[in-house]
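**Q** Let me see the structure of the following:
(chains A and B)
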Amino acid sequence: MTDTVPRTVGTQELSRLVVRFAGDSGDGMQLTGDRFTSASALFGNDLATLPEFPAEIRAPQGTLAGVSAFQVQVSDHDITTPGDAPNVLVAMNPAALRKELVHLEFGGTIIVNQDAFVERNLTKAGYDSDPLDDGSLDNYTLFKVPMTTITKEVCKDLGVKPRDAERSKNFFALGLLSWLYNRPAQPTLDWITAKFKRQQLIADANTAAFKAGMAFGETAELFDFTYEVKPAVLEPGTYTNVNGNTALSWGLVAASQQAKVPLFLGSYPITPASDILHELSQRKNFGVRTLQAEDEIAAVCAALGASFGGHLGITTTSGPGIALKGETIGLAVSLELPLLVINIQRGGPSTGLPTKTESADLMQAMYGRHGESPVPIVAAYSPSQCFFAAIEAARIALKYRTPVILLSDGYLANGSEPWLLPDVSSLPDLTVEFATGPNHTEEDGTEVFWPYLRDPETKARPWAVPGTPGLTHRIGGIEKEDGTGNINYEPDNHGYMVKLREERVAHIANDIPPTMLDGDVDDADLLVLGWGSTWGAITSAVMRARSEGHKVAHAHVTHLNPLPKDLGDIVRRYPKVLVPEMNLGQFCRIIRSEFLVDAQSVAKVEGVPFTAAELHRHINGALDD
Amino acid sequence: MTDVPTTTKADWTSDQEVRWCPGCGDYSILTAVQLLMPELGVRREDTVFVSGIGCAARFPYYMNTYGMHGIHGRAPALATGLAMARPELHVWVVGGDGDMLSIGGNHLLHALRRNVNLNILLFNNQIYGLTKGQYSPTSEIGKVTKSTPAGSIDEPFNPISVALGAEASFVARTHDMDRQHMMDMFRRAHDFPGASFVEVFQNCNVFNDGAFGAITKKDKRASMLIHLEHGQPIRFGENNEKGVVINPQGSAEVVDVADVGESALLVHDETRQDPSLAFALSRVSAGPFEPTPIGVYRAVERSEYATEASKQLAMAQEQSGPGDLEALLHSRPTWEVS
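**A** Down below sits the predicted model:
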């Protein structure tokens, strides 16, 4: 180390900062990014994150396949994306540098763990020469920091095993970044203490490494300035940093509370949905029952069985799981029971890209069952909004006694953002009325219960729960007669029931909010129409185009079936309609067929979300056409 | 809790027309169940029949209880969710050998392993009936059917062995020609707290007539059915001249009592923790043409799944208090913006 006398270093203010942490799968980059994010959140920045990790738990060490990255944008103003090109790349080994450099802005800052740039690692990463010395990084600002050496050094008297000491180097990196960008240290130190309270030596090593990172920044005469991103001016209130899967889980708990109906989750572990099962398994004091089922089919069947028993049955999965659940969702359509089917979409087909994001299951949600079996579809559009999307999906399922598919994706699931916590008393009342007595009088005056006699307004059939005297009845997947629910194979009856089920879903359009519409609503030359997680990138891109003087509007659809009633007018109102999607144009196809407008698809199916810059280019391109 | 009203078979019979083929063994099983119900002291509204797909799976429509006719193979999974949501209900699962051992085999295994409080009745007729006569996972090797014109080449499942291998805690077998025995077995299944598995030899008189005739016909029963009775040496035969022993290799074997002496016979213990003797008994017969044990193979109580799940909920509420949504939303670090 150089001298230990504190230096005076200037501070420059930044309005926003995009940092990308990258290292080996075992280097703890997700944790490092998450802690940097949390400290920034508590500091009051607005932020958005993009974790990217391989599907393998530990791919071969030091290889390109094993690189795990975490990108976060922090800002002093309202932002909606994790940023386009990072300003700073932290690379813990040569593979991370080689794989991630492509993302870095021209002239950006690279901070590397110099100790990892040894011949063996360079070879594994495919470098012929050491990029730290061969001039290939001359267009960037490069800081070479011996992170492993210093971390081992500060840990040597702590009694921690050398291997564990070496593992603390991510906290050294975090400390250095915390110093460089003036992040508060205390939240991280508190977190280390709490997290490792049963592993004192590990806690000591991580604390020492973190502090050493901060001290290194201050004392090593490498850095001329530190940088500061002031707190963002956000709506007043209490905030927490939340990712999509957590917000979604909490939304389910909230829906159960608001409906006064217990929650039952049947689930089979699958990336990237498993965290919802983990989160809800911890909510037993809310009366939440969770079953880790033997397979995807059992998971949804158990949820449907619980719904028959008067619970809010939920199943969570990703695309491949939905494929397996299709027959049971069809049964739920026929049984007309509430059921929430949650799809955290990932890259497909087949196993595809388990840890990468994609939104290509829209058609599967719409049509992925046999027969005419319409299902309402709700899509979440930001990590925190997953909370409200879950409540809305539950509302529709409970009120209209139907399976509902809620679409999220890997990007929303793992990405986080500050969330202005809602006033719990403002959440909608979802109270459900269960059937308590007979609902039909026979010609001879006998009072009987008809399981398919409908509420005239909602067209929902009564929810009659086993255990209720006088209401014993049988339901099943065979076509039935409306009203009595008796088996009926007659042609006219089937035709009637098919149309009735279609109408049941279609008329929910009377009970959903209008389309979200922003920008140059009155006189836009171009409408950007999105759904799901593209919201953030579209919002940023539209803002950029408008700041250049273009007239652009942004409509975002949260209810994909039925569509909002005003959507037809909206898509016909503007000369051009652009539909960006993380699929090959599935929603665009629906828009074209529903409304006969010449909507144009912007497709990206690469396992990573759109950047605002990409969409900005597409918007400008479409305006130039 | 008020007294359970007295009921008769008619009270448990729904108004739906029964649509099984005339002469089907399912009729006698339905009658046995409908006759048993009034004796169980349970309410109709607390009783649910859940099924998958197949001839047997039409069963719920004919019971004047709550019922769900689900999808093929998934009845144990549907019923697991229902039983977890409502542990106070009496949930029966009815299905055939195709439904529960082929397409739904996985769910049967896991319902048994978890010991969910379900009464699972497997109507085994060794054939696919509703799809008109293909071989099933319990059909004997060499079965000539529409889908196996040259004879089936699959080794069949022994349902009792499968159940025991899946850690089932209650396993029994009965047949559709003996109403009283069926009622006894179904009553035992109902009384048992946990997953109860009952295999019912059931005759499909259209596609596999007489599959069990060699052992269940009135004049064959004494010599071909081995009644398992808890605490009793296992004996059978016209004059009780046959018995079952465990041979030196550990297999159960039919012997002449005169040859080995009564003291050598295996004394049946349905409560034995180790399932290996029950398993050995399930292998005494290679099929319904040899002396075959019926009755309760195993009845060993252990923790019931829904009860354990409910306990965890109660414990969580005791430790953390009832769920507070406001507190949950604030459970992670928060900050104020003013």
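
**Q** Look at the residue of the stretch 201-338 of chain B found nearest chain A and report its pLDDT.
**A** When scored by C-beta to the nearest C-beta, the stretch 201-338 of chain B has B:Gly323 as its residue closest to chain A, at 3.0 Å. Every C-beta, even on glycine, is put in place using the N, C-alpha and C of the backbone. Among the per-residue scores, B:Gly323 shows a pLDDT of 96.

**Q** Just to check, it is in contact with A:Gly287?
**A** Yes - B:Gly323 lies in contact with A:Gly287 (C-beta atoms under 8 Å); the separation is 6.8 Å.

**Q** Report the set of residues contacting both of these two.
**A** Residues touching both B:Gly323 and A:Gly287 by C-beta atoms under 8 Å, 6 or more residues apart in numbering or on different chains: B:Gln317.

**Q** per-residue confidence at A:Met1?
**A** 44.

**Q** Taking the stretch 1-150 of chain A, what residue is nearest to chain B?
**A** A:Leu42 (5.1 Å).

**Q** measure stretch B:232-247 end to end?
**A** 18 Å (C-alpha to C-alpha, to the nearest Å).

**Q** Could you pull out the buried residues of it?
**A** Neighbour-count burial for stretch B:232-247 flags B:233-237, B:242-246 (criterion: 16 or more other C-beta atoms under 10 Å in any protein chain shown).

**Q** Quick one: neighbours of the residue of the stretch 201-338 of chain B closest to chain A, just the number.
**A** By the criterion of other C-beta atoms under 10 Å in any protein chain shown, B:Gly323 has 18 neighbours.

**Q** what about the closest residue to it other than its chain neighbours, how many neighbours?
**A** Leaving aside its sequence neighbours, B:Gly323 sits nearest to A:Phe286 (C-beta to C-beta, 6 or more residues apart in numbering or on different chains; 3.0 Å). Counted with other C-beta under 10 Å, residues neighbouring A:Phe286 total 23.

**Q** Equivalent analysis for A:Gln200, please.
**A** 13.

**Q** B:Lys217 now?
**A** Neighbours of B:Lys217 under the rule other C-beta under 10 Å: 12.

**Q** Nearest residue to it in space, please, no chain neighbours.
**A** B:Met177 (7.5 Å).

**Q** so that neighbour touches B:Gly213, yeah?
**A** No - counting by C-beta under 8 Å, B:Met177 stays clear of B:Gly213, with 9.1 Å between them.

**Q** Return every residue with contacts to both of these two.
**A** B:Asn203.

**Q** Between those two, tell me which one has more neighbours.
**A** B:Met177 (21 against 14).

**Q** who's in contact with that one?
**A** Contact analysis of B:Met177 by C-beta under 8 Å, 6+ apart lists B:25, B:28, B:203, B:212, B:216-218, B:221.

**Q** What of A:Ser274?
**A** Counting by C-beta under 8 Å, 6+ apart, A:Ser274 has contacts A:Ser267.

**Q** Please apply the same query to B:Val18.
**A** Contacts of B:Val18 (C-beta under 8 Å, 6+ apart): B:27, B:30, B:62.

**Q** what's the spacing between A:Thr357 and A:Asp275?
**A** A:Thr357 sits at a distance of 14 Å from A:Asp275 (criterion: C-beta to C-beta, to the nearest Å).

**Q** Helix, strand or coil: sort out A:Gln73 for me.
**A** With DSSP: H, G, I helix; E, B strand; the rest coil as the basis, A:Gln73 sits in strand.

**Q** Name the nearest residue to it, sequence neighbours excluded.
**A** A:Gln73 sits nearest to A:Gly83 (C-beta to C-beta, 6+ apart), 3.6 Å away.

**Q** Would you confirm that the one you found contacts A:Gln71?
**A** Yes - look at A:Gly83 against A:Gln71 with C-beta under 8 Å: they come within range, at 6.6 Å.

**Q** Secondary structure element holding the residue of the stretch 101-250 of chain B found nearest chain A?
**A** The stretch 101-250 of chain B approaches chain A most closely through B:His110 (4.0 Å), counting by C-beta to the nearest C-beta. Assessed by DSSP states H and E, B:His110 sits inside helix B:105-114.

**Q** helix or strand right after that helix?
**A** For helix B:105-114, the succeeding helix or strand toward the C-terminus, using DSSP H and E, is strand B:118-124.

**Q** Please name the strands paired to that next one in the sheet, noting orientation.
**A** Using DSSP bridges, the strands paired with strand B:118-124 are strand B:90-96 (parallel), strand B:196-201 (parallel).

**Q** Check these for me and report the most buried one.
**A** strand B:90-96 (a mean of 29; mean count of other C-beta atoms under 10 Å in any protein chain shown).

**Q** hmm, whichever helix or strand comes after that strand touching chain A?
**A** Using DSSP H and E, the helix or strand that follows strand B:90-96 in sequence is helix B:97-98. No - for a cut-off given as C-beta under 8 Å from any C-beta of the partner chain, helix B:97-98 has no contacts with chain A; the smallest distance is 16.0 Å.

**Q** Shouldn't the residue nearest to B:Lys217 be within a strand?
**A** No - looking at B:Met177 with three-state DSSP, it is coil, so not inside a strand.

**Q** Can you tell me how far it is from B:Gln202?
**A** 10 Å.

**Q** Need the overlap of contacts for those two.
**A** In contact with both B:Met177 and B:Gln202: B:Gly25, using C-beta under 8 Å, 6+ apart.
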